[in-house]
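K.L.:
give me a 3D structure for the following:
(one chain, ligands or ions: 1)
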Amino acid sequence: MPHEQHVHCSVDNCHYWGSGNMCKANEIFVTSDQLVRNAADSLDAPHAAVAVPTPVADCAETACKTFVRHGSGDKVKADGVTRLS
Ligand code: SF4
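P.N.:
Predicted structure coming up:
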């Protein structure tokens, strides 16, 4: 994620969360709740450019596909996303 952009996120049990409610992932993939529920862990930001469009009715139907619960071990490696310092 370019330095000029900031993702603010309050989900503090995510591996990529940082103090001040800042996301420390190098990139994230926001998509529909439905895709988040059904897609494999390996489908994430590195593949977002070729993902099918997923229109939703409102913000409540969106979610961060990049979320990985803090302490989830190998699951964090599946998405191809890097945590920045
Ligand atoms: S990856 Fe998603 S859920 Fe995790 S801190 Fe970043 S924006 Fe929040």
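K.L.:
per-residue pLDDT, the residue most central in space within the chain?
P.N.:
The residue lying closest to the centre of the chain (C-alpha atoms, centre = their mean) is residue 66, at 2.1 Å. pLDDT for residue 66: 96.
K.L.:
ok, now how distant is it from residue 46?
P.N.:
Going from residue 66 to residue 46 by C-beta to C-beta, to the nearest Å gives 10 Å. In this view, the C-beta of every residue, glycine as well, is placed from N, C-alpha and C.
K.L.:
what is in contact with the two at once?
P.N.:
Residues touching both residue 66 and residue 46 by C-beta atoms under 8 Å, 6 or more residues apart in numbering: 27, 79, 81.
K.L.:
of those residues, the lowest pLDDT goes to which?
P.N.:
residue 79 (88).
K.L.:
give the contact list for it.
P.N.:
Going by C-beta under 8 Å, 6+ apart, residue 79 touches 41-42, 44-46, 65-66, 68.
K.L.:
same deal with residue 34?
P.N.:
54, 61.
K.L.:
element containing it, please.
P.N.:
Assigning secondary structure by DSSP states H and E places residue 34 in helix 33-38.
K.L.:
which residues belonging to that helix are considered buried?
P.N.:
Across helix 33-38, burial judged by 16 or more other C-beta atoms under 10 Å covers 35-36.
K.L.:
starting at the chain centroid, how far to that helix?
P.N.:
12 Å (C-alpha atoms, centre = their mean, to the nearest Å).
K.L.:
begin at 48, not 1, for the rest of this chat.
P.N.:
All set: I'll call the first residue 48, so the last point we hit is now helix 80-85.
K.L.:
show the subsequent helix or strand relative to that helix.
P.N.:
Following helix 80-85 in sequence order, the next helix or strand is strand 109-111 (DSSP H and E).
K.L.:
contact partners of that next one?
P.N.:
Strand 109-111 has contacts (C-beta under 8 Å, 6+ apart) with 56, 58, 61, 75-80, 83, 103.
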